[in-house]
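[1] My questions are about this predicted structure, shown below with the sequence.
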Amino acid sequence: MPLPNWEIKFLGLEANFNVTSNQGLTLNYQVGKNLTVVHSLSQNDCSEEIPDKSSVISEPNVKKDNIDADYDSFTLEYDFNMSNIADNVIWNETSSKISLCQVVQLKNEELVIIEDKRRIDIDFNLTANFEIKDTSLAAATVNTNNTSADVSSYIKSCKCSPNSFACNIDDLAPNERLFVCIYSQSTDVGIASLESMVRLSQLYCHLLYYSITAC
């Protein structure tokens, strides 16, 4: 009988925080074939439990499939409730990061043979830049430092009236003021401030540039 392959290979992680998708984190591993795998998610110090964990992070969707005679694939998929993240210790408001620790172990009954302990930081760049040409506003761009968490789809804009936030497609008459409403389409991400605005006028083209900070 061949000896067990007591090995854990971390293959990488993917974070997806798009408003139209499940806002989550996926971690991919290869582990020794047909072995008992135990996993846990904690605070970034890898020792303290996450308080009120169920309100911010779902129980993981665990996938384990055969690869070959030596390895199984092992995947952990977490969904996040972004509405509650700001009040939890895993969110650092100063650095705009979610910080976690994922532990994966291979065990023989109660004995831990090998473990992979991994600290995870998910960076968020919450500044969006806009370009408005005529009365159409380009989509927001909110890029992350490591492209692992994209929240660009939260921020939207439209032509609106001075007395209401209701969007409209009415023609803009000559010399009429253009009112633009910039908004988040989800309570998960808010807009904290409009930091700057520059207007460039040409004969047939009016460009407005905005810098917005999301929160």
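    Here it is on my side, so go on. Because the structure is a prediction, the values reported are computed rather than measured.
[2] give the contact list for N34.
    By Cβ atoms under 8 Å, 6 or more residues apart in numbering, the contact set of N34 is P4, D72. For glycine as for every other residue, the C-beta is placed from the backbone atoms N, C-alpha and C.
[3] for T75, same thing?
    Shown in contact with T75 (Cβ under 8 Å, 6+ apart): T26, L27, N28, Y29, V62, K63, K64.
[4] Kindly write the PyMOL command that selects the buried subset of these.
    Those of the contacts of T75 that count as buried under 16 or more other Cβ atoms under 10 Å are selected in PyMOL with:
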select buried, resi 26+27+28+29
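[5] So which of the contacts of T75 are in strands?
    Among the contacts of T75, the members falling in strands (DSSP state E) are T26, L27, N28, Y29, V62, K63, K64.
[6] Report the residue ranges of every domain in the protein.
    Split into domains by automatic domain parsing, the chain comes to 8-123, 127-214.
[7] With distance to P2 and mean pLDDT added, can I get those domains in CSV?
    Putting the domains of the chain into CSV (distance: least, Cβ to Cβ, whole Å; pLDDT from 0 to 100) gives the following:
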stretch, distance to P2, mean pLDDT
domain 8-123, 9, 91
domain 127-214, 38, 59
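[8] ok so, going back, can you tell me which of the contacts of T75 comes closest to I8?
    Each of the contacts of T75 was scored against I8 by Cβ to Cβ, and Y29 proved nearest at 6.0 Å.
[9] how deep is the nearest residue to the closest one once chain neighbours are set aside tucked in, by neighbour count?
    With Cβ to Cβ, 6 or more residues apart in numbering as the criterion, Y29 has its nearest non-adjacent residue at 4.3 Å, and that residue is F74. By other Cβ atoms under 10 Å, 24 other residues sit near F74.
[10] ditto for L41
    Here the count is done by other Cβ under 10 Å, and L41 has 21 residues near it.
[11] Just checking: what are the partner strands of the helix or strand hosting it?
    Per DSSP states H and E: L41 is located in strand 36-42. Partners of strand 36-42 in the sheet, by DSSP bridges, are strand 97-108 (antiparallel).
[12] how about the host helix or strand of K9: buried residues?
    For K9, the element it lies in under DSSP H and E is strand 8-16. If you call a residue buried by 16+ other Cβ under 10 Å, then strand 8-16 has these buried ones: I8, L13, A15.
[13] ok, and what's touching stretch 89-96?
    Residues from elsewhere that reach stretch 89-96 (Cβ under 8 Å, 6+ apart): 43-44, 50-51, 56, 85-86, 97-100, 123-126.
[14] go with 7 Å
    When contacts are defined by Cβ atoms under 7 Å, 6 or more residues apart in numbering, stretch 89-96 is touched by residues Q43, I50, P51, V56, I85, I98, S99, L100, D123, F124, L126.
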